[in-house]
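Q: Here you go, sequence then predicted model.
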Amino acid sequence: NNSSQLSSLPLQILLYVNGIYYIFYFLATLAMIIYKSQVFSYPDEFLAPDLAVLFLMAILEVPRLYLGFKGNLTEAEAPLGLSLGLTVGSVVLCVYLLLWQTYVLWADVLLNAVLLSAYGLESGLKVTAIAAFVS
């Protein structure tokens, strides 16, 4: 009986695409931070926090995606809820890189806007999936 399957295919696809996009996002953002540190006068006390935020975000991304995949495929609300919580943390770090990074280039705005849109869509699908699992 196929009606008992509650896991979300759109969520699964989005998690997969987000995983691939995040690798691109991380490498592009890292390259731009390196570029900005060479081209602009980038004080060391500002370079370290910007890099720290990017690496913290990368560290968060692994369990965020893993718990999202696992929660969706096993139809378990707890891992999906944890993934949603980690997404909130990722959104905060993304907003930092969008608004409060030392130098924000148009490419930063574009990369972060796409990532924030994906996080928003993914969060909506996670909430919908959790509601389906709980009911």
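A: Yep, it's here. Residues are numbered from 1 along each chain as shown.

Q: Next up, the contacts around the most centrally placed residue in the chain.
A: Residue closest to the average C-alpha location in the chain (Cα atoms, centre = their mean): S90, at 5.2 Å. Counting by Cβ atoms under 8 Å, 6 or more residues apart in numbering, S90 touches M57, L60, E61, R64, Y119. Backbone N, C-alpha and C define where each C-beta goes, glycine included.

Q: Next one: it from A48, what distance?
A: Separation of S90 from A48 (Cβ to Cβ, to the nearest Å): 20 Å.

Q: cool, T128 as well?
A: 39 Å.

Q: Where does pLDDT dip in the chain?
A: Applying pLDDT under 70 to the chain flags residues 1-3.

Q: Recalculate using a threshold of 90.
A: Within the chain, the ranges that satisfy pLDDT under 90 run 1-5, 41-45, 102, 135.

Q: For it, which segments count as helices?
A: Applying DSSP state H to the chain gives helices spanning 9-39, 44-73, 77-95, 106-134.

Q: and the closest residue to I33 other than its chain neighbours, what does it touch?
A: Of all residues not flanking I33 in the chain, D50 sits nearest, at 5.8 Å (Cβ to Cβ, 6 or more residues apart in numbering). Contacts for D50 (Cβ under 8 Å, 6+ apart) come out as I33, L97, Q101, T102.

Q: got JSON lines for the residues you listed, with distance to P79 too?
A: Formatted as JSON lines, those follow (distance: Cβ to Cβ, whole Å):
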{"residue": "I33", "distance to P79": "32"}
{"residue": "L97", "distance to P79": "26"}
{"residue": "Q101", "distance to P79": "31"}
{"residue": "T102", "distance to P79": "36"}
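
Q: returning to what we had before: with neighbour numbers in mind, choose between T128 and A48.
A: T128 (13 against 10; other Cβ atoms under 10 Å).

Q: who's in contact with the residue lying closest to that one once chain neighbours are set aside?
A: Spatial nearest neighbour of T128, excluding adjacent residues (Cβ to Cβ, 6+ apart): S8 at 6.9 Å. Going by Cβ under 8 Å, 6+ apart, S8 touches N72, L125, T128, A129, A132.
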